[in-house]
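Novice: dropping a prediction and its sequence here:
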Amino acid sequence: MAAGDLSVILPRVLIVSRRSVRKNKFVDFVGEYHLDLIVNYGAVPVIVPRVTGVHMMLESFEPIHGVLLCEGEDIDPSHYESDIANLSADELEEIRRLHASDTAVDREKDAIELGLAKLCLERNIPYLGICRGSQILNVACGGTLYQDVGKELEKHLPENQRVVHMDYDNYDGHRHPVRIVENTPLEQWFSDSLDGGRKDILVNSYHHQGVKRLAQRFVPMAFAADGLIEGFYDPDAYNPEEGKFIMGLQFHPERMRHQDSDEFDYPGCPFAYKEFAKAVIAYQKKLNNTLTSVPKILKLDGEMERKRKIIIRSFSLARNIYEGGNGNNPSKESELEAGAEFLESNTALSLQQETRLKQMGATVRNASSYMEKLRMNEKRENLARNVMNKMSVEQLSDLMSFYHMMGQICSEVLERKLTGIVNELTS
C-alpha cells in the first residue's frame, strides 16, 4: 500500500479475541461494549483472532494505531516472578476450583498480547489495558501479579480492610469503593462525581488476580481499600492530543452501567475510551505525516542524467585504479578530472562526506593530488612484495583467500555508498 493511501484509512485499534467453547466448537469473541465505544469515538476495531501462530504474524496487522487489550484467562506465571511459596497445595487447588474459567492458562493469547504490548511500548503506540489487559501491561514492563488476591492479600488484613474482588452470585451488579489519586487522569475524568474532599467511586470487579509489584515506569491512579492497585498509567507517555496514551485499569468502566440500562454509573466512565481514541487518532496523523514527508527521489532531465553518469564513472574509475594499483595512467586523467571538478565546485560538501570519499580514494580536489597518492601506493606495493617473498606457500594461500573475501565485501559496500552519496549530492 502506498504511503499516500494511508491517509484515507480510519484509525485502527487492535483487540485480541478471547476463546470459548460453544456447541462443542471453539468460538472467538470480544465484548460488544469495547467495540461500540471504539467505533463511537471515531476508530475502527480490528479483531486479532486467538489462533495458533498469530503471535508470529503481528506485522500483518499493520498499520497499528492503537491496542486495546481486555478480558481473558490468568497470565502464565512463567512470564513474571511469581511467588506461591506461601500458598499450600490445598489453597492452590481451591483457587483452581473457584476460578476454573480463569486459571486455564492460554499461552497463545499470552504470546499475542505480550507481543502487542511490547510493540506499543517500543513505538509509543497508544495502549489501553482493561482488567487482564492492565496485568499484561504490567508484566510486559517487568511487574508482578498476585496469584490470588483473596489468598495472598485479603487473609492477612483486618476484616474492615478486606475487599471482595469477585462475586459470582452478583456478577455485574457487584461494586466496591476505590480511592482515586489526585492529579491523575482518573481524577480529571471523574471530577464531577467526587464528593468534596473524598476521592472515592464505586467500581465493578471481575478478577481474582491483580498487580502485586507495579513496574517502575508506572504511577498508580486508584487503590482499593485493601491496597490493591486498581489503575495506573505512564505520565511520560500520556498526552492524548499528541498521540500518547499508556494506561491500565483493573476495573471495567465500559460495564459500569445501571441495571437493565445503557446509562453509565458515572459520566466519567467512558472517558478512558474517549481519550484513548483521541490519542489513537492523533497517533495516526503523526504516523501519516512521517510517512508522507519522506522526500521523493529527484528525477533528472536527460542532460543532468548524462552528467551524473559521467561523475559516477569518474568515481568508479578512481576506485578501481586505487584498488588495483595500476599506477599513473595518463589516458585516464581526463575521466578522473570530471569527478575532481565536481568535488571542487561542490562547496556544500560536508566534512563527513569529504572524509568518507577520501577513504575510498576518490575524494581529491584535483587529479594531480590523486596521482601523487597512487605513487605512494607503488612504494607500499614494493614493500609488500618483499615481505610476501619471505612467506610460505600455505601462508600466501591463506592470505590470498582472506583478501579475496575482503575485496568482495569492500566492493559491494563501496558501490552502495558511492551511489548513495552521489544521489544525496545531486538531490
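Specialist: Alright, I've got the coordinates. Just so it is clear, the structure is predicted and the values come from calculations on it, not from any experiment.
Novice: worst-scoring helix or strand of this structure, pLDDT-wise?
Specialist: helix 351-359 (a mean of 54; mean pLDDT, DSSP states H and E).
Novice: which parts of stretch 248-265 are buried?
Specialist: For stretch 248-265, the neighbour count (16 or more other CB atoms under 10 Å) marks 248-257, 264-265 as buried. Every residue, glycine included, has its C-beta placed from N, CA and C.
Novice: again with stretch 105-118
Specialist: In stretch 105-118, counting by 16+ other CB under 10 Å, buried: 106, 109-117.
Novice: same thing with stretch 148-165?
Specialist: 148-154, 162-163, 165.
Novice: which ones among the residues you listed map onto strands?
Specialist: Here DSSP state E is the test, and the buried residues of stretch 148-165 give no hits in strands at all.
Novice: what about R12, how many neighbours?
Specialist: 19 (other CB atoms under 10 Å).
Novice: top strand in this structure by residue count?
Specialist: As assigned by DSSP E, the longest strand anywhere in the chain is strand 229-239.
Novice: mean confidence for that strand?
Specialist: Per-residue pLDDT over strand 229-239 has a mean of 96.
Novice: ranges for the strands of the protein?
Specialist: Going by DSSP E, the chain shows strands at 12-16, 18-22, 25-29, 44-48, 66-69, 127-130, 144-146, 176-180, 200-203, 210-213, 219-224, 229-239, 244-249.
Novice: report the rounded mean pLDDT for the fifth one.
Specialist: By that I understand strand 66-69. Here strand 66-69 scores 97 as its mean pLDDT.
Novice: for it, which strands pair with it and how are they oriented?
Specialist: Partner strands for strand 66-69, per DSSP bridges, with pairing direction: strand 12-16 (parallel), strand 127-130 (parallel).
Novice: same deal with the fourth one?
Specialist: Sheet pairing for strand 44-48, assigned by DSSP bridges, gives strand 12-16 (parallel).
Novice: what sits up against the strand it pairs with?
Specialist: By CB atoms under 8 Å, 6 or more residues apart in numbering, the residues outside strand 12-16 that reach it are 30, 34-35, 38, 43-48, 50, 61, 63-70, 72, 109, 112-113, 116, 277, 280, 284.
Novice: would you show me how to pick out the buried ones of these in PyMOL?
Specialist: Buried members of those, defined by 16+ other CB under 10 Å, are picked up in PyMOL with:
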select buried, resi 30+34+35+38+43+45+48+50+61+64+65+66+67+68+69+70+72+109+112+113+116+277+280+284
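Novice: can you pull out the helices in this structure?
Specialist: 32-40, 89-98, 100-103, 107-123, 132-140, 149-152, 185-189, 271-292, 302-324, 333-345, 351-359, 367-388, 393-426 (DSSP state H).
Novice: what helices or strands is the second one leaning on?
Specialist: Going back to what we said before, that points to helix 89-98. Counting contacts by 3 or more CB pairs under 8 Å, 6 or more residues apart in numbering; DSSP states H and E, helix 89-98 is packed against helix 149-152.
Novice: could you give me the average pLDDT of the helix it packs on?
Specialist: Rounded mean pLDDT across helix 149-152 is 78.
Novice: what packs against it?
Specialist: Packing contacts for helix 149-152, counted by 3+ CB pairs under 8 Å, 6+ apart, involve helix 89-98.
Novice: roughly how far is the helix it packs on from the heart of the chain?
Specialist: Relative to the centre of its chain, helix 89-98 is centred 38 Å away, using CA atoms, centre = their mean, to the nearest Å.
Novice: need the contact partners of that helix.
Specialist: Helix 89-98 has contacts (CB under 8 Å, 6+ apart) with 84, 87, 103, 147-148, 151, 208.
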